[in-house]
Structure formats: C-alpha cells, structure tokens
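In: No letters, just coordinates:
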C-alpha cells in the first residue's frame, strides 16, 4: 500500500545517484479501484520507462508487477514498496550506463 509520501520518495529515488534531476522524468500515478499504477518515463528517450502496479489491498502478501527498460533485472514482481524504491534507483543507474555506452560508441 502506498502512503502519502510515496511520490516524494519516488522522486528522491530518481535523483539519488545525482546523475539526473527530477525534471528528466515524467512521473504519473494512475489510480483505479483496485490498484495504483506508477509510470515513469525518461523525457529524452521514451524507450526508457518504468511501470509498476501496486495493489490497494491491505493484504501484506501482495506482489507488485513491474516492467522496465533498460533492464536491471528481469521484469517481474516485487514484494514490498521499499523494494520498488530500490528498483527505481537501480533503473536510473542503468539508464545512465546505457546513455554512456551510446555516447562513446
């Protein structure tokens, strides 16, 4: 379940490695009756995206399906919202690495 500070935490995770600013990303939160979908797109290359669907359920055994590119690990399911924040930080690091490869090739 997401708390009120979640989007703030997401924005912090996007900039934690100090290679990007919050303005480099388009962050959307789409709420339905059963879940909240978090969508993040790198503004300068929409090929780089991160998407997660967080259930609104109070059940502590929920999973968070994720899809993202570039891949840091396989798309899959996370078990906790804190894992989501870590995954976003790893994803931004992977974007940076991918951009460096493109720049030097």
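Out: Alright, I've got the coordinates. The model shown is predicted, which means the values in this text are computed figures rather than measured ones.
In: Against which helices or strands is the helix or strand harbouring residue 101 packed?
Out: Using DSSP states H and E, residue 101 falls within helix 81-104. Helix 81-104 is packed against helix 6-15, strand 35-42, strand 49-55, strand 64-69, with contacts defined by 3 or more C-beta pairs under 8 Å, 6 or more residues apart in numbering; DSSP states H and E. (Glycine included, C-beta is placed from N, CA and C.)
In: so which of these gets nearest residue 96?
Out: Among the helices and strands packed on helix 81-104, the nearest to residue 96 by C-beta to C-beta is strand 35-42 (10.3 Å).
In: Rounded mean pLDDT for stretch 10-18, please.
Out: Stretch 10-18 carries an average pLDDT of 88.
In: burial of the closest residue in space to residue 21 that isn't next to it in sequence, as a residue count?
Out: Leaving aside its chain neighbours, residue 21 sits nearest to residue 15 (6.2 Å; criterion: C-beta to C-beta, 6 or more residues apart in numbering). When neighbours are defined as other C-beta atoms under 10 Å, residue 15 has 16 of them.
In: That'll do, ta.
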